[in-house]
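Engineer: When you get a sec, could you give me coordinates for this:
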Amino acid sequence: MTGWLEEARKTLGNNDPFIKAALGDADTAEVVKRAVRETKLTDPAERETLLEGPADAIAKSTDPMITLARRVEPIVRELRDWNEKNIRNVEATNGTKIAEARFAVYGKSMPPDANSQLRLSYGAVLGYEEDTTLVPYRTTFFGLYDRAFGFGEKSPYELAPSLKARKDRVDLSTPLNFVYTADTIG
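Structural biologist: Residues are numbered from 1 along each chain as shown. Below you'll find the model as predicted:
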């Protein structure tokens, strides 16, 4: 969350309405740490209290995660509405024309845009080279901890407290993710 908001601040600038609402003049890491550390939403009983409480329980909540969400929600809603009106509706209305134009330009050399239809593909599960680094085909818990400790657990490599506390109970060779050569999205 810190990394995402830092990138947003860098891209949008301090005067952007979203940044002002989410962070104000505060340090990004402090806003996120407070929201994550002090939230009670991790407790199922607290969530149940909010859901079963009076209709305005969430509106009156002082939980820092909820107050953060309340600050940014109007801006996010406005952006979502704008996107729906100016992008999605235009694409939906003109989808056939857009597809015909793409085909006229690219012909059969490009696959069609993703359209929620099942597509089957195949590829080899194997690593790749990125600049001068050989990237293995999979990541493991060992790599997770190596990154975190190698970067001094500074953003964006902080470990969740639960992962840090249970390191001795984890099989470090367990794969987490993998890459393969199939082009599934064009």
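Engineer: how about low-confidence regions in the protein?
Structural biologist: 112-119, 184-186 (pLDDT under 70).
Engineer: rerun that using 90 as the cut-off
Structural biologist: Scanning the chain for pLDDT under 90 picks out 55, 88-100, 102-103, 107-131, 135, 155, 163, 176-186.
Engineer: And for it, the residue most distant from the center?
Structural biologist: Ala104 (34.8 Å; CA atoms, centre = their mean).
Engineer: By residue count, what's the longest helix in this protein?
Structural biologist: Using DSSP state H to define each element, the chain has its longest helix at helix 64-83.
Engineer: Can you name the next helix or strand after the helix or strand encompassing the residue farthest from the centre of the chain?
Structural biologist: Assessed by DSSP states H and E, Ala104 sits inside helix 95-106. Using DSSP H and E, the helix or strand that follows helix 95-106 in sequence is strand 128-130.
Engineer: what does that next one rub up against?
Structural biologist: 134-135, 179 (CB atoms under 8 Å, 6 or more residues apart in numbering). Using the backbone N, CA and C atoms, a C-beta is placed for each residue, glycine as well.
Engineer: Could you rerun that using 10 Å?
Structural biologist: In this structure, residues lying in contact with strand 128-130 by CB atoms under 10 Å, 6 or more residues apart in numbering are 134-137, 179-181.
Engineer: and of the residues you listed, the nearest to Pro74?
Structural biologist: Val179 (38.9 Å; CB to CB).
Engineer: give me the number of residues near that closest one?
Structural biologist: 15 (other CB atoms under 10 Å).
Engineer: Now for the nearest residue to it once chain neighbours are set aside: which residues touch it?
Structural biologist: In this structure, Val179 finds its nearest non-sequential neighbour in Tyr137, 5.7 Å apart by CB to CB, 6 or more residues apart in numbering. Residues in contact with Tyr137 (CB under 10 Å, 6+ apart) are 124-128, 175, 177-181.
Engineer: same thing with Leu144?
Structural biologist: Leu144 sits next to 157, 159, 163, 167, 170, 172, 174, 176 when contact means CB under 10 Å, 6+ apart.
Engineer: Just the ones of the contacts of strand 128-130 in helices?
Structural biologist: Per DSSP H, the contacts of strand 128-130 never map to helices.
Engineer: and those residues as JSON lines, adding distance to Lys10?
Structural biologist: Output for the contacts of strand 128-130, formatted as JSON lines (distance: CB to CB, whole Å):
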{"residue": "Leu134", "distance to Lys10": "30"}
{"residue": "Val135", "distance to Lys10": "26"}
{"residue": "Pro136", "distance to Lys10": "30"}
{"residue": "Tyr137", "distance to Lys10": "32"}
{"residue": "Val179", "distance to Lys10": "27"}
{"residue": "Tyr180", "distance to Lys10": "32"}
{"residue": "Thr181", "distance to Lys10": "33"}
